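**Student:** pasting a predicted model and its sequence here:
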Amino acid sequence: MAEKKSTKKPSAKKGASTKSRVKRNQKTPPKLMADEKQKLLNKDPSKGGRPTDYNEEIAREICELTATNTFGLRKLCEVFPHLPTHDTIQRWRYRYDTFSALYNKAKLHQADLMAEEMLEIADDGMNDWMERLGENGEPIGWQLNGEHVNRSRLRIDTRKFLASKLLPKQYGASVGDAGTEGTSLVEKMLDAMASKK
């Protein structure tokens with residue numbers, strides 16, 4: 001009888017040579033790693049990436065965008081990818097007093113925008129009611145959309161809290177309440193910097 005030859009290829013595990021296994025497990029040679037590091041160090045900054053060095057023009061743009069949007073700093077960096085990262089901006093605030101003062105002033109303007117946004121949220125009743133359907137799918141009435149109303153309340157309360165911390169004279173609790181000093185830390189810092197000049 002003639003023997004049948006198997007047409008099955010050997011599996012990768014059984015047929016793999018020890019050389020191929022060694023090659024797979026080898027690390028990148030130090031020379032290649034050094035070359036890759038050098039490429040990263042010599043990367044042309046005009047070809048992309050976020051800036052990390054302090055720049056007056058970018059600092060002013062950050063403050064202008066902060067003063068004209070209700071976004072937090074992280075969201076601002078997401079929406080405008082040409083800006084530095086959140087961590088870089090926080091580092092700039094710590095290191096550069098002029099940028100810190102400008103940024104604080106921008107946050108005060110942002111509090112006014114938040115107050116306007118609260119009015120818009122409160123006045124928008126578009127999704128406050130849902131149409132209720134019967135068993136056969138016919139409309140039978142209207143029902144309060146509690147989830148939407150509660151979400152709107154949360155959005156307003158969050159903005160109210162932030163605005164009251166940024167500008168307690170305008171948006172904080174009444175002056176006679178216990179624990180309210182009347183001026184925020186941001187306002188005190190701006191006053192102190194103005195008195196130094």
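**Tutor:** Great, that's in hand.

**Student:** helices and strands of the chain: which one has the lowest mean pLDDT?
**Tutor:** Between all helices and strands in the chain, the lowest mean by mean pLDDT, DSSP states H and E belongs to helix 18-25, at a mean of 42.

**Student:** roughly how far does the residue nearest to W92 when sequence neighbours are not counted sit from L65?
**Tutor:** Of all residues beyond its chain neighbours, the one nearest W92 is F99 (5.2 Å), with distances taken as CB to CB, 6 or more residues apart in numbering. No exception for glycine: its C-beta is placed from N, CA and C like everyone else's. F99 sits at a distance of 14 Å from L65 (criterion: CB to CB, to the nearest Å).

**Student:** buried set for the lengthiest helix in the chain?
**Tutor:** In the chain, assigned by DSSP state H, the helix with the most residues is helix 97-123. Residues of helix 97-123 classed as buried under the neighbour-count rule (16 or more other CB atoms under 10 Å) are 99-108, 110-115, 118.

**Student:** show the average pLDDT along it.
**Tutor:** Looking at helix 97-123 alone, the average pLDDT works out to 91.

**Student:** helices or strands next to that helix in the packing?
**Tutor:** helix 56-68, helix 86-95, helix 146-166, helix 168-171, helix 185-196 (3 or more CB pairs under 8 Å, 6 or more residues apart in numbering; DSSP states H and E).

**Student:** what angle do helix 56-68 and that helix make with each other?
**Tutor:** Taking axes from the mean of the first three to the mean of the last three CA atoms, to 10 degrees, one finds helix 97-123 and helix 56-68 inclined to each other by 20 degrees.
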